[in-house]
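A.B. asks: Predicted model and sequence follow; I will ask about them next.
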Amino acid sequence: MRLNVPIIVKVVYLILSLSFLLLLMYDYNDYSLRVYSIKHLKVEVKGIDVYVENHDFFLNLTYSLSNGGVKCLEVSMITYKTYFGSEVARVYNENFYGSLLVVKPSQKLLRTIIVKVPGFKLKRNLVNGTVRVSILFNVYIRTRFGNTPVSFQCVKILNFSKP
Amino acid sequence: MYKRIIWDVMVNVLYISSLTYVLFQQAFIGRIGFVSFINAAIFSVMSALYGYTIGDLKRAIIGYLSSVVSAIIVTTLLVRYPIEVNVGNLAAELVTMYSLRNVLMYVIFILTPLSIIFMSVGIYLSQR
C-alpha cells in the first residue's frame, strides 16, 4: 500500500494547528479569569489596636484577605505601610516566597499581625487623645507578568491616652 | 478557484491561531529564554507543514507576512482586553506597550528567520 504523503501532511497540519487553537483558548481563559480574580481580591480591616507593653508600643492589626474571583491566587509578599497622621510610622513586610500564600476562590483568610511602632511618632501625632492611623497594604500576587502589587488602604481614628 | 481560496484562507487562519498561541506565551516574558526557543522549534515544524501544505513560495511568503501581522494584532488585543476591562485604561496601555515590545523582538529575531527557513524546506519537499 502506498502512503498518500500530501494528505497525511495536511491532516497533521490540521491536527497540530487545532491543538494550538485549543491551547490558546485554554491559556487565554486562564489569563482572563486570573485578572478577574485579582480584581475581586479584597482586604478588609477587622480591627486596629495600639497597646503598650514594657514601654514599647505595638500595633495589633486584624484583617481578612478574600478572593471573590474564580481562580486561585498566589500571594508572594504583603507590605504594610503604617501612617500616624501623615507621618510614616513603620513599614513592615511579610514574605511568602518560600511557601506562597494561596487564596482559593471564595476563601476568606483572617490574619493578625503585631508590629512594634515608634512611640514618639504616636505621641507627636496625638490630637485630643486620638490618632489617625492609616495602613497601606501592598499585596504582591504572582501573575504572568511577575509579582504584581495590588494596593488597599484603610483609615481609622483610634482613641489613645498618653501613658 | 473558490475551493482553493477557501482552502488557503482556512490554512492561514489555522496558521494565525498557532502563531498567536506562541506569541501569547512570549508576550509576558521580557527575555528570550529556553521556553522561547522550545516554542520557536515547535512553530518551525508548523511552518514546514504550512510550506508543504501551501506548496508555493510566493503564496507562502504573502500568507506568512499577513499571518504575522494578524497574529501580532490578535495577541496584543488578547493581552490587553482583560486588563482594560478589569483594571483600567492606563494599565492596559502599559501592558500593550510591554507585550508588543516582547512580541516584536521575538518575531523579528527568532521566529521569522526560523520560519522562513523551515517554510522553504516544506515548499521544497512538496515540489519533489
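C.D. replies: That came in fine, so what should we check first?
A.B. asks: all helices of the chain, in order?
C.D. replies: This is for chain A. Applying DSSP state H to chain A gives helices spanning A:5-39, A:119-124.
A.B. asks: should've been chain B
C.D. replies: Along chain B, counting by DSSP H, helices occupy B:2-27, B:34-54, B:57-86, B:89-106, B:112-127.
A.B. asks: What are the buried residues along the fourth one?
C.D. replies: Same thing as helix B:89-106. B:92, B:95, B:96, B:99, B:100, B:102, B:103, B:105, B:106 (16 or more other CB atoms under 10 Å in any protein chain shown). Where C-beta positions appear, they are placed from N, C-alpha and C, glycine not excepted.
A.B. asks: for the longest one, same thing?
C.D. replies: By neighbour count with 16+ other CB under 10 Å, helix B:57-86 contains the buried residues B:60-61, B:63-64, B:67-68, B:70-72, B:74-76, B:78-84, B:86.
A.B. asks: tell me the angle it makes with helix B:112-127.
C.D. replies: Here the directions of helix B:57-86 and helix B:112-127 differ by 140 degrees (axes from the mean of the first three to the mean of the last three CA atoms, to 10 degrees).
A.B. asks: can you pull the contacts of residue B:4?
C.D. replies: By CB atoms under 8 Å, 6 or more residues apart in numbering or on different chains, residue B:4 lies in contact with nothing.
A.B. asks: and the end-to-end length of stretch A:92-109?
C.D. replies: End-to-end distance of stretch A:92-109 (CA to CA, to the nearest Å): 19 Å.
A.B. asks: That stretch near chain B anywhere?
C.D. replies: No. Stretch A:92-109 lies out of reach of chain B by CB under 8 Å from any CB of the partner chain, never closer than 15.6 Å.
A.B. asks: how far out from the middle of the chain is that stretch?
C.D. replies: 7 Å (CA atoms, centre = their mean, to the nearest Å).
A.B. asks: Starting from residue A:82, give me the distance back to the residue most central in space within chain A.
C.D. replies: For chain A, the residue nearest the mean C-alpha position is residue A:139 (2.7 Å; CA atoms, centre = their mean). When distance is defined by CB to CB, to the nearest Å, residue A:139 is 16 Å away from residue A:82.
A.B. asks: now swap in residue A:35 and tell me
C.D. replies: Residue A:35 is 29 Å from residue A:82, by CB to CB.
A.B. asks: which stretches of chain B have low pLDDT?
C.D. replies: Judged against pLDDT under 70, chain B has no low-scoring part.
A.B. asks: What residue, apart from its backbone neighbours, is nearest the residue nearest the centre of chain B spatially?
C.D. replies: For chain B, the residue nearest the mean C-alpha position is residue B:19 (2.9 Å; CA atoms, centre = their mean). Setting aside the residues directly before and after it, residue B:19 is nearest to residue B:71 in space (CB to CB, 6 or more residues apart in numbering or on different chains), at 3.9 Å.
A.B. asks: My read is that the one you found contacts residue B:21, right?
C.D. replies: No. Using CB atoms under 8 Å, residue B:71 is not in contact with residue B:21; the gap is 9.0 Å.
A.B. asks: Touching, the residue nearest to the centre of chain A and residue A:149? I think so.
C.D. replies: Yes. The pair residue A:139 / residue A:149 is scored as a contact, 6.9 Å apart, by CB under 8 Å.
A.B. asks: So which bits of chain B are right by chain A?
C.D. replies: B:11, B:14-15, B:17-18, B:20-22, B:24-25, B:28, B:45-46, B:49-50, B:52-53, B:78-79, B:81-83, B:86-87, B:95, B:98, B:126.
A.B. asks: rewinding a little: please produce JSON lines containing the helices of chain B, extended by distance to residue A:125.
C.D. replies: Output for those, formatted as JSON lines (distance: least, CB to CB, whole Å):
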{"stretch": "helix B:2-27", "distance to residue A:125": "46"}
{"stretch": "helix B:34-54", "distance to residue A:125": "51"}
{"stretch": "helix B:57-86", "distance to residue A:125": "37"}
{"stretch": "helix B:89-106", "distance to residue A:125": "33"}
{"stretch": "helix B:112-127", "distance to residue A:125": "61"}
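A.B. asks: I appreciate the help and will end here.
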